[in-house]
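**Q** coords below, sequence missing:
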């Protein structure tokens, strides 16, 4: 059980590193500039989608409380996607990064692709 939690924590760290690299903003920075708020919103949204962690755990990883995470995901993130093309592009770029997918999900997707290839080969050989 401890190992699973540790692996999930590493996933949040990985998401944090990618978001910080792409936005140039430190997630734990306390500034409330638009750039910082949008970067945190991207981080919170990705963590919520890609990890099994609670809002409290996600907030703790950025020195924020669960209400800040909830506000960012429900209010800031939709605004960001609608009105800020640069940050929307950054979010989509990171969200499409398969390296951030959980290993089990990547395995299932690769298995599906492999089975499709096998069925195509069988049809050609028939």
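**A** Sure, I can see it. Please read these numbers as outputs of a predicted model, since none were measured by experiment.

**Q** And the pLDDT at the residue nearest the centre of the chain?
**A** Geometric centre of the chain, nearest residue: residue 46, 2.5 Å, by C-alpha atoms, centre = their mean. The per-residue pLDDT reported for residue 46 equals 93.

**Q** So what's the residue count around the closest residue to it other than its chain neighbours?
**A** Nearest in space to residue 46, with sequence neighbours left out and distances taken as C-beta to C-beta, 6 or more residues apart in numbering, is residue 15 at 5.0 Å. Every residue, glycine included, has its C-beta placed from N, CA and C. Using other C-beta atoms under 10 Å, residue 15 has 25 other residues around it.

**Q** isn't residue 15 right next to residue 47, touching?
**A** Yes. Taking C-beta atoms under 8 Å as the definition, residue 15 is a contact partner of residue 47 at 5.8 Å.

**Q** intersection of neighbour lists for these two?
**A** Residues touching both residue 15 and residue 47 (C-beta atoms under 8 Å, 6 or more residues apart in numbering): none.

**Q** shaky segments in this structure?
**A** Along the chain, the parts satisfying pLDDT under 70 run over 1-10, 98, 100-102, 104-106, 126.

**Q** To what extent is residue 18 buried, counted in neighbours?
**A** If you count neighbours by other C-beta under 10 Å, residue 18 ends up with 19.

**Q** what do you get for residue 28?
**A** Residue 28 has 12 neighbouring residues, counting by other C-beta under 10 Å.

**Q** Excluding covalently adjacent residues, which one is nearest to it?
**A** residue 63 (5.1 Å).

**Q** Give me the distance between the one you found and residue 85.
**A** In this structure, residue 63 and residue 85 are 28 Å apart, going by C-beta to C-beta, to the nearest Å.

**Q** how about residue 52, phi and psi?
**A** phi -90, psi 10 (degrees, to the nearest 10).

**Q** Now do it against residue 79, distance only.
**A** Distance from residue 52 to residue 79, by C-beta to C-beta: 26 Å.

**Q** And residue 56, by the same measure?
**A** Residue 56 sits 23 Å away from residue 79, going by C-beta to C-beta.

**Q** Enumerate every residue touching residue 19.
**A** Here residue 19 is in contact with 25, 27, 39, 42-43, 46, 94 (criterion: C-beta under 8 Å, 6+ apart).
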